[in-house]
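Asks: Model the following, please.
(chains A and B)
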Amino acid sequence: MNQSRSIEGQRRRSVARRLIGATAAALAAAVALTSCSLSPGSAASDTKTLTVAIWKGYGADLPWVATDFKKQTGATLKFQYIDSEANLLQLVGKANGSIDVALPNIQYIGAGIDQGIFHQLDTSKLTNYSDIYPQFAQLKEIRKSGNLYGIPWTWGSTGLFFNKTKVTPAPNSLSVLWDPKYKGQIALIDDPTVLVPITALYLGEDPQNPDMSKVTPALQKLKDNAKLTYSSTDDLAKAISSGSVVAGIGNADAIGGLISSGTAGATDFSYEIAKEGAVGWIDNWAVSAKTKHLDLAYDWLNYMTSKDFLAKWANTPADAAPAPANASVVSGLQQATLERLQANPEKISSLALQLPEPADRLQSWVDAWTKVKAGS
Amino acid sequence: MSSVPAPLARRSRRRARGAVGTGFLLTPGGVLLVLFAALPLCALLVIGFTTDAGSFSLQNFAEMLGTPAYVALLGRTLLIAFCVTVLSIALGWPAAWALARYTRAKAKPLILGLVIIPYITSQLLLIYGFVSLIQAGGPIMSLLSAIGLTAPQASIMYTPTANILMLVQESIPTAILVMYSASEQINPSVLEASRTLGAGKAFVFTRVVWPLSSAMIGVNFALTFVQTVGAFAEPTILGGPSGQMLGNTISAQLQAGVHEAFAVAMSLVLLLASLAIVGAATGLLAWSRSALSGVSKASRPKAESGAAQKRLSEDALTAEGVLR
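Replies: Sure, this is the predicted structure:
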């Protein structure tokens, strides 16, 4: 989910016209963010209000959630919307307890734990902890010195999609993206943190730390095979409905959304986690270290990871839920729903998770992709 | 005659009030400029010359200018912006000329209104409108394939050509508006005089119309070039994998969240290169104005003293007005 959110963000940013103007605005925003913080305790005066930091339109702020949660706990909800993961860490860090719970991604939660902005979780108070996929719950990224700081909530992947009628037989390998047969008909998500690991998976390299001298030429070939690189799902939808694209790399939830919303031409498409794997992400609930509503925060974590919430969310196609991290919820879902959510648990082991990478390594990925793209 | 000192005193009061008024008018814009243009620019300079470790360095610039791919991209970006600017002026000027000279006065506001519509339309809407026209299976490709000119899938969408066409289309309203005001400023009697004196059409254009319009061409060039050189929405959506401009690389670098100083260095290089090109173009236009208009250097002081005289006479007129 964070992928498609950040893509929306990219699109919003791309509206800005002039480069200098955009940079200046970004700097001004940075100055504004650092100079003013949320006033301490502004939301905390009411003991029965829980403040949640989350992406807008991401399940937790559905209208029935507030009703259900109030029925269970008597507490009202307040949302602090974030526009990036970095923004989430900054908000929680500066809120001084006026934000109670937040949803950091697996790539960013570690930085928050190191900054001491998240509360250590007591697994005995987490009623659904034992139902979370152990592959997720045991990840070292949500722990420090063995202690848990986040509970996995949802997961998703970015991988192969293709047109079932035009790409035959149905591919199960990423190699279809490099196939000269489909030259000029491939769409690539414009994100080096996806394309480099995908290329590494295709080459059989370690997706977390691939040999860039092998990845870069393969990236060049991938670009040469591509019709377009896209930054917003909308741009991909246009390319799909005009018939310009038969396969590509995309977010499971974005592709699923296009298919289920009946976008012209998209109904022939299918998303698959290829045999080499896909890039994966996990969103986790964490409690602010300075929360004044610790019990209510646990109530929220338990409600969010419960069957009550997750199954209802998953069964409403219009709400575009990603795959739940709760194994018992998933086992209760129908096969069609599992396919719509791309929630097949067997694929979890083949995910190359987007984890925090050292700045130098990330820069080498960005460099490789921008240089490949800058060349004509 | 005894009233002479009085108006002088009034005049100085008037000037003082004028200074306060001028300050009042300049303050909001000036404060905004300093806050949101000058300060960020200073920040850009500081960030661009700093390493990730925080020490002064030229490393970011060396990295950019030492990478052939980025230098080539810079060159391509400047070339695209230059071609788009020249093309939009070349296309907009005849229309502006016709609008200023040969259009009925009643029709002018309507036509100008139509020209302004793309201005007040969201830029993304314009781009997506263009996309739906030119994309594979869209109206243009359907028409071209129906008359057997091309295959329905052979759209220019996702190519550098689509990007350049879009940028030209976006720049044409500016060209028409600016060149319209340039064309209106030319006194018809000057044109008539040159014609009655036997000048051919080409001669009238190069020796009369061009020198009288070149200042506005400079304005148009600066406006359009600066706007186009930083484009990144158009190349992102329309340009395809090989149609990127430097703006895309800068935005990708910023979004990656690592090594932001490198993105800043790239934008500073782009800024300097753009300023150089706009400066060179404006200089070239000024030179062409004096070279073509026949105003020789010797006669210039005379013209200047003429202007000074004019100013004096204007002052006299003001004084007269005050006296009355």
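
Asks: in chain B, which helix or strand is least confident?
Replies: Taking mean pLDDT, DSSP states H and E as the measure, chain B has helix B:300-323 as its least confident helix or strand, at a mean of 46.

Asks: Residue A:278: what secondary structure?
Replies: Secondary structure, DSSP: H, G, I helix; E, B strand; the rest coil: residue A:278 is strand.

Asks: Tell me how far it lies from residue A:155.
Replies: Distance of residue A:278 to residue A:155, computed by C-beta to C-beta, to the nearest Å: 11 Å. For glycine as for every other residue, the C-beta is placed from the backbone atoms N, C-alpha and C.

Asks: ok, residues contacting stretch A:200-211?
Replies: A:174-175, A:177-178, A:196-199, A:214-215, A:218, A:274, A:276-279, A:352, A:355, A:357, A:361 (C-beta atoms under 8 Å, 6 or more residues apart in numbering or on different chains).

Asks: err, stretch A:313-329, not the other one
Replies: A:1, A:59, A:62, A:128, A:131-133, A:136, A:152-156, A:252-253, A:256-257, A:260, A:282-283, A:305-307, A:310-311, A:330, A:333, A:337, A:340-343, A:345.

Asks: same deal with stretch A:176-183?
Replies: Residues contacting stretch A:176-183 (C-beta under 8 Å, 6+ apart): A:160, A:162, A:167, A:186, A:202, A:218, A:221-222, A:224-225, A:246-249.

Asks: Now it: buried residues?
Replies: A:176, A:177, A:178, A:182 (16 or more other C-beta atoms under 10 Å in any protein chain shown).

Asks: Could you list the low-confidence segments of the chain?
Replies: Going with chain A. A:1-47, A:376 (pLDDT under 70).

Asks: um, chain B though
Replies: Across chain B, residues meeting the criterion (pLDDT under 70) sit at B:1-17, B:294-324.

Asks: at 80 instead, please
Replies: B:1-18, B:51-54, B:151-154, B:256-258, B:293-324 (pLDDT under 80).

Asks: wait, what's in contact with the residue nearest the centre of chain B?
Replies: Centroid-nearest residue in chain B, with C-alpha atoms, centre = their mean: residue B:223, separated by 1.3 Å. Shown in contact with residue B:223 (C-beta under 8 Å, 6+ apart): B:174, B:178.

Asks: make it 6 Å
Replies: With contacts defined as C-beta atoms under 6 Å, 6 or more residues apart in numbering or on different chains, residue B:223 is in contact with residue B:174.

Asks: interface residues of the stretch 1-150 of chain B facing chain A?
Replies: With C-beta under 6 Å from any C-beta of the partner chain as the criterion, the stretch 1-150 of chain B meets chain A at residues B:40, B:43, B:69, B:73, B:124, B:135, B:136, B:137.

Asks: So which bits of the one helix or strand the third one maps to are buried?
Replies: Secondary structure from DSSP states H and E places residue B:69 in helix B:68-101. By neighbour count with 16+ other C-beta under 10 Å, helix B:68-101 contains the buried residues B:69-70, B:73-74, B:76-78, B:80-82, B:84-85, B:87-89, B:91-93, B:95-97, B:99-100.

Asks: do stretch A:136-152 as well
Replies: A:136, A:137, A:139, A:141, A:142, A:143, A:148, A:149, A:150, A:151, A:152.

Asks: nearest residue to residue A:108 other than its sequence neighbours?
Replies: Spatial nearest neighbour of residue A:108, excluding adjacent residues (C-beta to C-beta, 6 or more residues apart in numbering or on different chains): residue A:85 at 4.1 Å.

Asks: circling back: among the contacts of stretch A:313-329, the buried ones, what's the PyMOL command?
Replies: The PyMOL selection below is limited to those of these classed as buried (16+ other C-beta under 10 Å):
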select buried, chain A and resi 1+59+62+128+131+132+133+136+152+153+154+155+156+252+253+256+257+282+283+305+306+310+311+330+333+337+340+341+342+343
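
Asks: if you go through the stretch 1-150 of chain A in chain order, where are the strands?
Replies: For the stretch 1-150 of chain A, applying DSSP state E, counting those that start in this stretch gives strands covering A:49-54, A:76-81, A:101-102, A:143-144, A:147-148.

Asks: How many residues are close by residue A:248?
Replies: 28 (other C-beta atoms under 10 Å in any protein chain shown).

Asks: Pairing-wise in the sheet, spell out the partners of it.
Replies: Note on residue A:248: beta-bridge partners by DSSP bridges are residue A:161, residue A:187.

Asks: That one: what's it in contact with?
Replies: The neighbourhood of residue A:248, defined by C-beta under 6 Å, 6+ apart, consists of A:161, A:186, A:187.

Asks: Next to chain B in this structure, residues from the stretch 151-300 of chain A, please.
Replies: Taking C-beta under 6 Å from any C-beta as the criterion, the stretch 151-300 of chain A approaches chain B at residues A:223, A:226, A:227, A:228, A:229, A:231, A:235, A:242, A:243, A:244.

Asks: Of these, which belong to strands?
Replies: Using DSSP state E, the members of those that fall in strands are A:226, A:227, A:228, A:229.

Asks: quick one: the last one and residue B:219, what's the gap?
Replies: In this case it means residue A:229. For residue A:229, the distance to residue B:219 - C-beta to C-beta - is 36 Å.

Asks: Show me which of those two is the more surrounded one.
Replies: Per other C-beta under 10 Å, whichever of residue A:229 and residue B:219 has more neighbours is residue A:229, with 28 against 17.
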